[in-house]
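Peer 1: below: sequence and its predicted model.
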Amino acid sequence: MTSYTLTVSFMKDTLIFILQQIVDRPEDISIEEAVEGDRTILIVHAHADDMGKIIGKKGRIIMALRDLIKIIATKQKVFADVEIAETQSTNDKSTNLPINE
């Protein structure tokens, strides 16, 4: 295993551990890795009901998670970021609203 692979694996494991401690459905947490050029993006997938807990008030939780992952990555001379996957709630009725003319 290369140093890069170990670093990304450690970042993913760290992120999963922290997220599983703050959500109501820890079994639904998964992290997808996407590489764009020299950037590694860790994409968080979680149950739609847990997104508010992951984001936090004014985005404080997700910003803190991003900072933590960036610190880990910087120490290994890797660029990494954390994004949240867009999910659509199963009870979202906004697409069925009538259009008023």
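Peer 2: Received it, and whenever you're ready, just let me know what you need.

Peer 1: shaky segments in the chain?
Peer 2: 88-101 (pLDDT under 70).

Peer 1: quick one, helices of it?
Peer 2: Remark: helices assigned in the chain by DSSP state H are 3-22, 51-55, 60-75.

Peer 1: turn those into TSV, columns for mean neighbour count.
Peer 2: (Glycine included, C-beta is placed from N, CA and C.) Shown next, in TSV, are the helices of the chain (neighbours: other CB atoms under 10 Å):
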stretch	mean neighbour count
helix 3-22	15
helix 51-55	16
helix 60-75	15
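
Peer 1: which one of those helices lies nearest to residue 81?
Peer 2: helix 60-75 (6.5 Å; CB to CB).

Peer 1: rewinding a little: how about the helices of the chain in TSV, adding distance to residue 36?
Peer 2: Compiled in TSV, those are given as follows (distance: least, CB to CB, whole Å):
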stretch	distance to residue 36
helix 3-22	14
helix 51-55	22
helix 60-75	14
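
Peer 1: do you know which of those lies nearest residue 87?
Peer 2: helix 51-55 (6.9 Å).

Peer 1: the nearest residue to residue 3 once chain neighbours are set aside: neighbour count?
Peer 2: Nearest residue to residue 3, sequence neighbours excluded (CB to CB, 6 or more residues apart in numbering): residue 76, at 6.5 Å. Look at residue 76: counted by other CB atoms under 10 Å, it has 14 neighbours.
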